[in-house]
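Student: show me how the following folds:
(one chain, ligands or ions: 1)
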Amino acid sequence: MKIYNTMTRKKENFKPIEEGKVKLYACGPTVYNYFHIGNARAFLFFDVVRRYFEFLGYEMTYVQNITDIEDKLINQAKAEQTTVKKVAQKYIDAFLEDTASLGIKKVNHHPKATEYIGEMIDLIKKLVENNFAYEVDGDVYFSVVNFKNYGKLSGRNIDDLKVGARVKANVQKRHPADFTLWKKAKPEEPSWGSPWGKGRPGWHTECVVMSRSILGETFDIHGGGNDLIFPHHENEIAQAEASSGKPLANYWMHNGYLNIEGEKMSKSLNNFFTARDILKKYDAEAIRFFFLSKHYRSPIDFNEDIIIESSKAVEGFYSILKTVNFLKIENNAPNYSAEMLQLKEKFINAMNDDFNTAKAISVLFEIVKLFKKSNDENFAHLLVELGKSVGFFQNIADHLAEDLGEITENLIELLIEYRNTFKKEKNWEMADKIRNDLQKLNIQLKDTSSGTDWSISK
Ligand SMILES: [Zn+2]
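Tutor: Here you go, the predicted model:
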C-alpha cells in the first residue's frame, strides 16, 4: 500500500504503527451551516479510505471531530437569534443525516470540542510553561518563532509569512503568524474558566487535543481537504510536536479542491451548493461515482452533465445485477476464472497505489464489458465485491426492488398494447377480459381520445 504523504511530498509505503490496525483522524465539520459539496468530497473520500482498509482486513479506528464552538457558530447564533448550543445541535443533526444519505459509514468516534475543554486548557498551559506560547490580556498565542520546525508541512517559512500574512494587524502578537490557542470571551459569549480568564479554545487546539485524546500521541493518518494544510494542520503539528516532541501523524493525506463549472465555489458567485441540495436531485451512488472517477488529489470540476453521466454508469452496474437476478445468487460462493482474478488484482493494485480510484473504476467498467460478452454471473459477484470495497452497492435489495416497479409498469403497458390489438381485430371478448382481469388486480384502464390511461387503486 502506497500513500502520498503531504509531509514528505512523495508516495511512501504504508506501515501502520500497530500491525493490522489503522488509526485515522480526519477533520470534521464546524457545525454552523449545512456542509457544502466541497466538504462532501473530503468526507466521502475518507469514507473510501476507511472502507478500503477494512476490505484489506485492517481494523480501523476512524475519528472525525465536530467543532461545536468557534467564531462562526457564535455569528450564526446571532443571525438565527438563538444560542450557540442550539445552532450546534441543529447542524450536528443535519450533518449526521446528510452524511448517512451520502452512504458514509458512521465513524468510530465523533468527539465534540466542548467535551474536551479541560484537556485543551492543559495543553495550552504546558505550551505556555515551555515557552511555546504567551498570554496577552486574556488571549493566548502560539509563538511560531519558538518552534523551529514551523512551516514544514506546507513548505512555508516564517519570514515569508511575515511579508505575505493576510493576518489582521494585531498589535498583541509578537509575529503575524502566531495563532490563537485561547481566545478571551466577550460578554455574553459562551466561555469556560481558565488560568487566563474566561474564554474558549482556538480551532487548531481543538483538533490536536481531540485526535491525541482518542488515538494517542502519534497515530497513522491525519487527513482533510488541502485547504486545511495551512494554517490548520501546520498549527496542529506545531502544538503537538512542541508539547510531546513526537510527530502527530505519520502520514498526512489531503484531497484536492472542487470547482463548479471551472470556477471556485462561493456564495458571491451564486454557485454554492450544499450536499443537501445535491442529494435532492441525484442519487448518493452517482455522487460517489463522480468523486471517485477522479484521483482524490486532483482538482475536480462539478457540473451537472458529469453527474448525469455518473448516474448512467451506476445504472449500468445495476443492470448487470438485474440480469443475473443477483439477490437470488447473492449467497452462492463465486467461482472466479483466471481472467476475473486478474481483474481483481488490477483493481487492488490501483487502490493500493495511493487510492487511485479513477483507475479502479476503469476496472469495474472492464468487468461490465466482459459480463456483456459472457453473461457469466461470476462477473456480477466480482463487480459487487470490488464495488463494495469503495462504498458502492450498499442497498442492492432496495435498488433492484425499485426497478421491479419499472418492470411492472412495462408489463401493464404491454397488456394495453395487446388489448389494442384485440380491439382492432374486433376481438371484444379478449379486450374486455384484459380490462376486467387487470381490474381484479386493482389496475384501472381508462380509454381516452389520446389512448389508454391506467391507474392503480389501493
Ligand atoms: Zn482539524
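
Student: measure residue 262 to residue 292 for me?
Tutor: Going from residue 262 to residue 292 by Cβ to Cβ, to the nearest Å gives 21 Å. C-beta: built from backbone N, CA, C; applies to glycine.

Student: can you check residue 419 too?
Tutor: Distance, residue 419 to residue 292, by Cβ to Cβ: 46 Å.

Student: pLDDT value on residue 170, please?
Tutor: pLDDT for residue 170: 63.

Student: and the strands in the stretch 1-150 of the chain?
Tutor: Taking DSSP state E, counting those that start in this stretch as the criterion, the stretch 1-150 of the chain contains strands spanning 2-5, 10-13, 21-26, 59-64, 133-136, 139-142.

Student: which residues in the stretch 1-150 of the chain form helices?
Tutor: Taking DSSP state H, counting those that start in this stretch, the helices of the stretch 1-150 of the chain run over residues 37-55, 71-79, 84-101, 117-129.

Student: and the first one, what's buried?
Tutor: The reference is to helix 37-55. 37-53 (16 or more other Cβ atoms under 10 Å).

Student: got it, and the third one?
Tutor: Within helix 84-101, the residues that count as buried by 16+ other Cβ under 10 Å are 84, 87, 88, 90, 91, 92, 94, 95, 98, 99.

Student: give me the distance between residue 63 and residue 182.
Tutor: 23 Å.

Student: look at those two and report which has more neighbours.
Tutor: Neighbour totals were compared for residue 63 and residue 182, and residue 182 leads with 26 against 21 (other Cβ atoms under 10 Å).

Student: so which helix or strand takes in the residue lying farthest from the centre of the chain?
Tutor: Distance from the C-alpha centroid of the chain, by Cα atoms, centre = their mean, peaks at residue 426 (60.8 Å). Under DSSP states H and E, no helix or strand contains residue 426.

Student: still on that earlier bit, mind checking which of the strands of the stretch 1-150 of the chain is nearest the ion?
Tutor: Nearest of these to the ion, taken as Cβ to the ion: strand 21-26 at 8.0 Å.

Student: paired strands for that closest one, with orientation please.
Tutor: Using DSSP bridges, the strands paired with strand 21-26 are strand 59-64 (parallel), strand 219-225 (parallel).

Student: quick one: which of the helices of the stretch 1-150 of the chain is nearest the ion?
Tutor: Going by Cβ to the ion, the one of the helices of the stretch 1-150 of the chain nearest the ion is helix 37-55, 10.9 Å.

Student: got the angle for that closest one vs strand 219-225?
Tutor: 150 degrees (axes from the mean of the first three to the mean of the last three Cα atoms, to 10 degrees).

Student: return the alpha-carbon coordinates of helix 37-55 using PDB.
Tutor: Only the C-alpha atoms of helix 37-55 are listed here, as PDB (Å, rounded to 0.1, in the frame of the first residue of the first chain):
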ATOM      1  CA  ILE A  37     -20.400  19.700  -1.800                       C
ATOM      2  CA  GLY A  38     -16.600  20.500  -1.500                       C
ATOM      3  CA  ASN A  39     -16.800  19.300   2.100                       C
ATOM      4  CA  ALA A  40     -18.700  16.200   0.900                       C
ATOM      5  CA  ARG A  41     -15.700  15.300  -1.300                       C
ATOM      6  CA  ALA A  42     -13.400  15.100   1.800                       C
ATOM      7  CA  PHE A  43     -16.000  13.200   3.900                       C
ATOM      8  CA  LEU A  44     -16.700  10.800   1.100                       C
ATOM      9  CA  PHE A  45     -13.000  10.300   0.300                       C
ATOM     10  CA  PHE A  46     -12.000   9.400   3.800                       C
ATOM     11  CA  ASP A  47     -15.000   7.100   4.000                       C
ATOM     12  CA  VAL A  48     -13.500   5.300   1.000                       C
ATOM     13  CA  VAL A  49     -10.100   5.200   2.700                       C
ATOM     14  CA  ARG A  50     -11.700   3.600   5.800                       C
ATOM     15  CA  ARG A  51     -13.800   1.100   3.800                       C
ATOM     16  CA  TYR A  52     -10.900   0.100   1.600                       C
ATOM     17  CA  PHE A  53      -8.600  -0.500   4.600                       C
ATOM     18  CA  GLU A  54     -11.400  -2.600   6.100                       C
ATOM     19  CA  PHE A  55     -11.700  -4.500   2.800                       C
END
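
Student: for this structure, which helix is longest?
Tutor: For the chain, the helix reaching the highest residue count under DSSP state H is reported as helix 396-424.

Student: gap between whatever helix or strand comes next after that one and the chain center?
Tutor: Using DSSP H and E, the helix or strand that follows helix 396-424 towards the C-terminus is helix 428-440. With Cα atoms, centre = their mean, to the nearest Å as the basis, helix 428-440 stands 52 Å off its chain's centre.

Student: residues contacting helix 428-440, please?
Tutor: Contact with helix 428-440 is made by 412, 415, 418, 419, 422, 423, 444, 445, 454, as judged by Cβ atoms under 8 Å, 6 or more residues apart in numbering.

Student: state the mean pLDDT of it.
Tutor: Rounded mean pLDDT across helix 428-440 is 93.

Student: now that helix: buried residues?
Tutor: Applying 16+ other Cβ under 10 Å to helix 428-440 flags 431, 434, 435, 438 as buried.

Student: cool, and stretch 380-397?
Tutor: 380-384, 386-387, 389-393, 396.

Student: for it, measure first residue to last.
Tutor: 14 Å (Cα to Cα, to the nearest Å).

Student: who's in contact with that stretch?
Tutor: 44, 47-48, 51-52, 55, 103-105, 285, 288-289, 292, 314, 317, 320-321, 323-324, 326-327, 329-330, 332, 334, 336, 340, 343-344, 347, 351, 357, 360, 363-364, 367-368, 371.

Student: off-centre distance for that stretch?
Tutor: 18 Å.

Student: ok, now stretch 414-423?
Tutor: Distance of stretch 414-423 from the chain centroid (Cα atoms, centre = their mean) equals 50 Å.
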